[in-house]
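K.L.:
Requesting a structural model of the entry that follows:
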Amino acid sequence: MLKEFREFAMKGNVVDLAVGVIIGAAFGAIVTSLVGDVIMPVIGAITGGLDFSNYFTPLSKAVTANNLADAKKQGAVLAWGNFFTLTLNFLIIAFVLFIVIRAMNKLKRKDEAAPTPPKLTRQEELLIEIRDLLKKG
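P.N.:
Just a heads-up that it's a prediction; the model follows:
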């Protein structure tokens, strides 16, 4: 059983998948930082200091807090600002993946567009030699 597991775990697809998951997690952290630390502060500066991650709508009269963390402790809230931030994260990730896949497809098309010419038969090679000799003479 251990031998079978080792064979399964060392197959190319499993290792490729593991690498993809690890890179995906790191990429997700980068995009989260990009949105939270770069894009949202710029949007906040343009809109007068708004912090979308802290926007919420109380669903209970018991919620009186001004920030999301305290409001969640007081009762049910609709954290639509956080949802907006996460949606922006998703759109950025989807756009970057679209660009990467598009570039990969272009590279594949270039490889497919340049097929190698078929190998000439012996008869065709002789005809080419005869043609070239007739041009010289």
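
K.L.:
Let me see the backbone angles for residue 86.
P.N.:
Main-chain torsions, residue 86, degrees, to the nearest 10: phi -70, psi -40.

K.L.:
Test for you: state the pLDDT assigned to the most centrally placed residue in the chain.
P.N.:
Nearest to the mean C-alpha position of the chain, by C-alpha atoms, centre = their mean, lies residue 97 at 2.9 Å. What the model reports as pLDDT for residue 97 is 78.

K.L.:
what helix or strand is it on?
P.N.:
helix 80-113 (DSSP states H and E).

K.L.:
Show me what that helix is packed against.
P.N.:
Judged by 3 or more C-beta pairs under 8 Å, 6 or more residues apart in numbering; DSSP states H and E, the packing partners of helix 80-113 are helix 12-33. From N, CA and C alone the C-beta is placed, and that goes for glycine too.

K.L.:
Mind listing residues that contact the helix it packs on?
P.N.:
Here helix 12-33 makes contact (C-beta atoms under 8 Å, 6 or more residues apart in numbering) with 8, 9, 89, 92, 93, 96.

K.L.:
Residue 65 touches residue 71, doesn't it?
P.N.:
Yes - with contact defined as C-beta atoms under 8 Å, residue 65 counts as touching residue 71 (4.1 Å).

K.L.:
more crowded one of those two?
P.N.:
residue 71 (22 against 16; other C-beta atoms under 10 Å).

K.L.:
A helix includes the more buried one, no?
P.N.:
Yes - under DSSP: H, G, I helix; E, B strand; the rest coil, residue 71 falls within a helix.

K.L.:
Report the contact partners of it.
P.N.:
Contacts of residue 71 by C-beta under 8 Å, 6+ apart are 56, 58, 63, 65, 77.
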